[in-house]
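J.: Sequence first, then the predicted structure:
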Amino acid sequence: MKKWEDLPEYMQIEEVRPYYDLLKKKGLSLFFKRLFDIVVALILLILLAIPMLVIAIMIAIDSPGGVFYRQERVTTYGKHFRIFKFRTMVSNADKVGAHVTTSNDSRVTKIGAKLRGARLDEIPQLLNVLTGDMTFVGTRPEAVRYVEKYTGAMWATLLLPAGITSEASILYKDEADLLDNAEDVDTVYVEQVLPAKMEYNLRSLKQFSFWGDIKTMFRTVGAVL
């Protein structure tokens, strides 16, 4: 981890310090976490190469646009990166609606709905894990517009790489349903859903361990199945 004085100034606040001090003592767990990310991401990319190709062809046939969805997200120490996901919505969906989706979002394509249901749209994030922008278990990477709304301890979630899954992701796997009746999806997400998810993310930071991450991965598989 970076030295405290090397963190972005907006992270050098008293609400972040307790989380920083806890994680600073877990260097060995963080080393194995990164080693696990590299080895497992490589193996999965090789094993899933053919299924990924099939999914890519299905997306290309289903609707006009690219195979991948790329959006700027935020990870460790506030670094911006472009996430890889299979495209599940119509092309340029960001320009015609919120950055979060509801369960009946008309922008979701026919194939996209199936991919989302099985969480298969997340597979390309293995590439982000390999580059170090993401990890298997960690706070989900938020879009820049939502990170700009962070307050206090929420900034502590940027001490570690963003994750493909987390305890908050498992508990809020039906997040779209919560936003179905919202008149302003973005406002409800920022004022209600995001703070609630952050409580779980911050609890996970306090309890971080390599083996805890492994358990979360198995819990994620169980939640999807």
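T.: Yep, that arrived. Numbers count the residues shown, from 1 in each chain.
J.: and the residue nearest the centre of the chain, what are its phi and psi?
T.: Centroid check for the chain by C-alpha atoms, centre = their mean gives Arg140 as the closest residue, at 2.6 Å. The phi/psi pair for Arg140 (degrees, to the nearest 10) reads phi -60, psi 140.
J.: Wait, it touches Gly163, no?
T.: Yes. Between Arg140 and Gly163 there is a contact under C-beta atoms under 8 Å: 6.4 Å. C-beta coordinates here come from the backbone N, C-alpha and C atoms, glycine included.
J.: Common neighbours of the two, please.
T.: Counting by C-beta atoms under 8 Å, 6 or more residues apart in numbering, the contacts common to Arg140 and Gly163 are Ser169.
J.: Could you export stretch 24-39 as PDB, CA atoms only?
T.: C-alpha atoms of stretch 24-39 as PDB (Å, rounded to 0.1, in the frame of the first residue of the first chain):
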ATOM      1  CA  LYS A  24      -1.500  -1.600   6.300                       C
ATOM      2  CA  LYS A  25      -1.000  -4.500   8.800                       C
ATOM      3  CA  LYS A  26      -2.200  -7.100   6.300                       C
ATOM      4  CA  GLY A  27       0.600  -6.900   3.700                       C
ATOM      5  CA  LEU A  28       0.900 -10.700   3.500                       C
ATOM      6  CA  SER A  29      -2.800 -11.200   2.800                       C
ATOM      7  CA  LEU A  30      -2.700  -8.500   0.200                       C
ATOM      8  CA  PHE A  31       0.300 -10.200  -1.500                       C
ATOM      9  CA  PHE A  32      -1.600 -13.500  -1.700                       C
ATOM     10  CA  LYS A  33      -4.700 -11.700  -2.800                       C
ATOM     11  CA  ARG A  34      -2.800 -10.200  -5.800                       C
ATOM     12  CA  LEU A  35      -1.000 -13.500  -6.600                       C
ATOM     13  CA  PHE A  36      -4.400 -15.300  -6.500                       C
ATOM     14  CA  ASP A  37      -5.900 -12.700  -8.900                       C
ATOM     15  CA  ILE A  38      -3.200 -13.100 -11.500                       C
ATOM     16  CA  VAL A  39      -3.000 -17.000 -11.500                       C
END
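J.: List the contacts of the lengthiest helix in the chain.
T.: For the chain, the longest helix by residue count, based on DSSP state H, is helix 27-47. Counting contacts by C-beta under 8 Å, 6+ apart, the residues outside helix 27-47 that touch it are 1, 23, 126-127, 129-130, 132, 135-136, 160, 208-210, 213.
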